[in-house]
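Peer 1: Build me a structure from this.
(chains A, B, C and D)
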Amino acid sequence: MITLKYFASLKSVVEKEEDHLDIKNPVTLDQLSDIIAATAPKMGEMIRAKKVLISVNQEMADDDTIIRDGDEVAFLPPFSGGTK
Amino acid sequence: MITLKYFASLKSVVEKEEDHLDIKNPVTLDQLSDIIAATAPKMGEMIRAKKVLISVNQEMADDDTIIRDGDEVAFLPPFSGGTK
Amino acid sequence: MSTSTDSKIRIQSEDFSVTEEIETMKKVSRNIGGITTFLGTGRELSKGENITKLDFEHYPKMAEKKMEEIREKAVKDFGIIDMSIIHRIGPIDIGENIVLIVAAGEHRQETFKACEWAIAELKRTTPIWKRETTSNGEVWVQDTP
Amino acid sequence: MSTSTDSKIRIQSEDFSVTEEIETMKKVSRNIGGITTFLGTGRELSKGENITKLDFEHYPKMAEKKMEEIREKAVKDFGIIDMSIIHRIGPIDIGENIVLIVAAGEHRQETFKACEWAIAELKRTTPIWKRETTSNGEVWVQDTP
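Peer 2: So this is what the prediction gives:
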């Protein structure tokens, strides 16, 4: 089982903060994005348009990053901490 | 009468903090320096070697600045306020 | 979330004291000659809109990790003595403290450079988000990265 | 010598509170989004010598005047909202506060630039002198200008 986490504006896009997904074998982040797009098309679109950064186990990931059982995948809109 | 003020390391050079001088007519700073050098040769040397900045009435002055009765002339070694 | 001033990396909902953070930093070395701090505060205006409230959210663990990476790189790359980084989360009023970066060094030049780099890097790499409430409602601020 | 925190330019023998100076600055505008401060502190080491005491002397009136000129030029040239400059005089121990510059602006960039310029300008133009006491005795510090 992998954990999916959504932050800030993305929580209202997917209407949840956290989700869980059972995957049998390791998948690439690219493949995971397809799985998510199937049930949450708007989210899939944002991922494809690179409007969302994705981390795996708290490290920034890219399309080729492998996701394994137990991993935590987080969807991160552009940061706005600190100040201008 | 003009007031002469000495700061920091210069106080031990001239062995005073403040001095007064009667001048009949306005003099240039260059002329005043000669007058001072006559009684305090080490001070005169430092002025000539530009190791000391001089202000007149709290504004930085140069050789041509005119000094008049009532003026305050200050001898300022290199500043070291703030921190490095 | 740690709120002890002993920790140099903190994300907390409570306010912090700049003086206390500086005094904690001074204890690191008797050779500190300059301390540059940057304090981010809640502004009333954003793109012409009047803001009534700010709200910050973070990704726990990852945000602290990124802030610690910034601290370590700042010390290494700029030759400063130490750095602390504190960011508040939750609701924040106009004028209140949001983020503090304290860079301490032997001389001032490196502390300015390290502090300015760290706040820019924090905005770039640390998963913290800001929600602004204006008369038009609430919006998550999406600065162009 | 004024010690009220209302005055933005001060030369005083007493210590100051960075937090109080920042809070005073915040009252100037609700549109402050960034405050950069530089705090100079007494270092133990100078050119390999162990310092036991520092002592600062200033030229009254002229020092305040130069600091006020720095403040006004910083606001004008860098587009910040306001600046305060406080310098202590008299005996100062290792680790103690010496000088504080607070630069407040809408955004952070101009506050860093203004603060860094102001402390360099203060060293260059403000008649304040430092005497260091080491095991070899007392010396007035004569930095190359």
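Peer 1: any idea of the pLDDT on C:Gln142?
Peer 2: For C:Gln142, the pLDDT comes out at 77.
Peer 1: and what of the one 3 residues further on?
Peer 2: With respect to pLDDT, C:Pro145 scores 40.
Peer 1: try C:Thr5
Peer 2: 59.
Peer 1: so does the helix or strand of chain C with the lowest mean pLDDT get close to chain A?
Peer 2: Every helix and strand of chain C was ranked by mean pLDDT, DSSP states H and E. The lowest is strand C:45-46, at a mean of 78. No: using C-beta under 8 Å from any C-beta of the partner chain, strand C:45-46 stays clear of chain A, coming no nearer than 8.9 Å. The way it works is simple: take the backbone N, C-alpha and C, and place the C-beta from them, glycine included.
Peer 1: Note down every partner strand of that strand and its orientation.
Peer 2: Strand C:45-46 has its sheet partners listed here by DSSP bridges as strand C:49-58 (antiparallel).
Peer 1: mind checking the longest helix of chain A?
Peer 2: helix A:29-39 (DSSP state H).
Peer 1: got a list of what C:Ile94 touches?
Peer 2: C:Gly42, C:Arg43, C:Glu44, C:Ile51, C:Thr52, C:Leu54, D:Arg30 (C-beta atoms under 8 Å, 6 or more residues apart in numbering or on different chains).
Peer 1: Distance check, it against D:Thr111.
Peer 2: Taking C-beta to C-beta, to the nearest Å as the measure, C:Ile94 falls 18 Å from D:Thr111.
Peer 1: Kindly report the residues of chain C close to chain D.
Peer 2: Counting by C-beta under 8 Å from any C-beta, chain C sits next to chain D at C:17-20, C:22, C:26, C:30-45, C:94-95, C:106, C:108, C:111-112, C:115-116, C:119.
Peer 1: related to what we said a few turns ago, residues in contact with the least confident helix or strand of chain C: which ones?
Peer 2: By C-beta under 8 Å, 6+ apart, strand C:45-46 touches C:Ile51, C:Glu132, C:Thr134, C:Val141, D:Asn31, D:Glu106.
Peer 1: Can you report phi and psi for the closest residue to the first one other than its chain neighbours?
Peer 2: What that stands for is C:Ile51. Among residues not flanking C:Ile51 along the chain, C:Glu132 sits closest, at 5.1 Å (C-beta to C-beta, 6 or more residues apart in numbering or on different chains). Backbone dihedrals for C:Glu132, given as degrees, to the nearest 10, come out at phi -100, psi 140.
Peer 1: same thing with A:Ile23?
Peer 2: phi -120, psi 140.
Peer 1: I'd guessed it sits against A:Ile66; true?
Peer 2: No: taking C-beta atoms under 8 Å as the definition, A:Ile23 is not a contact partner of A:Ile66, at 11.0 Å.
Peer 1: C:Ser17 - how many residues pack around it?
Peer 2: For C:Ser17, the count of nearby residues is 16 (other C-beta atoms under 10 Å in any protein chain shown).
Peer 1: I'd like to know how far it sits from chain B.
Peer 2: Noted for C:Ser17: a distance of 23 Å to chain B, by C-beta to the nearest C-beta, to the nearest Å.
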